[in-house]
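# quick one: sequence and predicted model below, then my questions.
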Amino acid sequence: MKPAPIYLASASPRRHEILLQMGVEHEVLNVPAPEGEDEPRLANEAPEAYVLRTAREKAIRARQWLARQRAPGAAAALDAARPVLSADTTVILDGDILGKPAGLDEARRMLARLSGGTHVVHTAVVLARDGQLLQDVSITQVRFKPLSEAEIDAYCATGEPMGKAGAYGIQGRAAVFIEYIAGSYTGVMGLPVFETWRLLQSGQAQS
Ligand SMILES: Cc1cn([C@H]2C[C@H](O)[C@@H](COP(=O)(O)OP(=O)(O)OP(=O)(O)O)O2)c(=O)[nH]c1=O
């Protein structure tokens, strides 16, 4: 069944593209980012718990922001009752979370760590609907071939690592580094199609 129109609470162009691919009618919300450190991890927080919490926080923030747009005087034709979708992606290596690199030096270090080994990508997806938060998480193993310094430098020179967890994009030039994946390709890209569709369907059934 075709899901009802939703808001996408994400600045990630990949998430927007994947929803387009799925044929899900949506509008992107430009929710202002919170102040301070980007998505800090709590002490001893497991990766799965971390991505779920972060995706939930994005959905809640978007819901609160939407509600404020309805305040008297707010100029918005937004529908605060419409479901809101959010997601969070992280790369896990040896228990460490590799988020988005702050600059190219950090991107180089991340890629050197990913070289020649297997890491795990977690993507949590959350649907806020009718006061409930429906959630799921996709977990994918990704194996990189050994990368030379020249390959890392050439990849960094493309600018592609910036804005991406683990400093690479499976959907871009980094595809040639990937020997093997087990899990969800779209989950690595930032929005797992299977889990997202299932959430949209289950959200629908409850209305
Ligand atoms: C590993 C990997 C990540 N990514 C991207 C997906 C996400 O956009 C980004 C992880 O950062 P996120 O914090 O999950 O998302 P975001 O900051 O880009 O967007 P928002 O919080 O507004 O939703 O990394 C790829 O595009 N390809 C990949 O292969």
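Looks like it arrived, so ask away.
# C-alpha only now, for contacts and for neighbours.
Will do.
# make sure residue 180 is indeed in a strand.
Yes: the assignment for residue 180 (DSSP: H, G, I helix; E, B strand; the rest coil) places it in a strand.
# bridging across strands, which residues link to it?
residue 143 (DSSP bridges).
# would you confirm that it contacts residue 143?
Yes: counting by Cα atoms under 8 Å, residue 143 is a contact partner of residue 180 at 5.2 Å.
# between those two, which one's more packed in?
Set residue 180 next to residue 143 and count neighbours by other Cα atoms under 10 Å: residue 143 wins out with 18 against 11.
# that one: what's it in contact with?
By Cα atoms under 8 Å, 6 or more residues apart in numbering, the contact set of residue 143 is 116-119, 178-181.
# which of the residues in the helix or strand of the chain with the lowest mean pLDDT are buried?
When each helix and strand of the chain is scored by mean pLDDT, DSSP states H and E, helix 193-205 comes last, with a mean of 86. Buried residues in helix 193-205, counting neighbours by 16 or more other Cα atoms under 10 Å, are found at 193, 195-197, 199-200, 203.
# tell me if it is near the ligand.
No: using Cα under 6 Å from any ligand atom, helix 193-205 stays clear of the ligand, coming no nearer than 13.3 Å.
# got a list of contacts for that helix?
1, 3-4, 18, 22, 125-127, 129, 134-138, 186-187.
# gap between the longest helix seen in the chain and the chain center?
Ranked by number of residues, the top helix in the chain under DSSP state H is helix 47-69. Centroid displacement of helix 47-69 relative to its chain, using Cα atoms, centre = their mean, to the nearest Å, is 12 Å.
# and which of the buried residues of helix 193-205 is nearest to residue 44?
Ranked by distance to residue 44 (Cα to Cα), the buried residues of helix 193-205 are led by residue 195 at 26.3 Å.
# quick one: contacts of the helix or strand that contains residue 105?
Assigned by DSSP states H and E, residue 105 belongs to helix 104-114. With Cα under 8 Å, 6+ apart as the test, helix 104-114 has contacts from 93, 98, 101, 144, 147, 149, 152-153, 156, 161-162, 166-168.
# okay, and which of the contacts of helix 193-205 map to helices?
Among those, DSSP H puts 18, 22, 186-187 in helices.
# re the thing from before, show me which of the contacts of helix 104-114 are buried.
93, 98, 101, 144, 147, 152-153, 156, 161-162, 166-168.
# which of those fall within helices?
The helices, defined by DSSP H, take in 152-153, 156 from these.
# okay, and the beta partners of residue 88?
With DSSP bridges as the criterion, residue 88 is bridged to residue 124.
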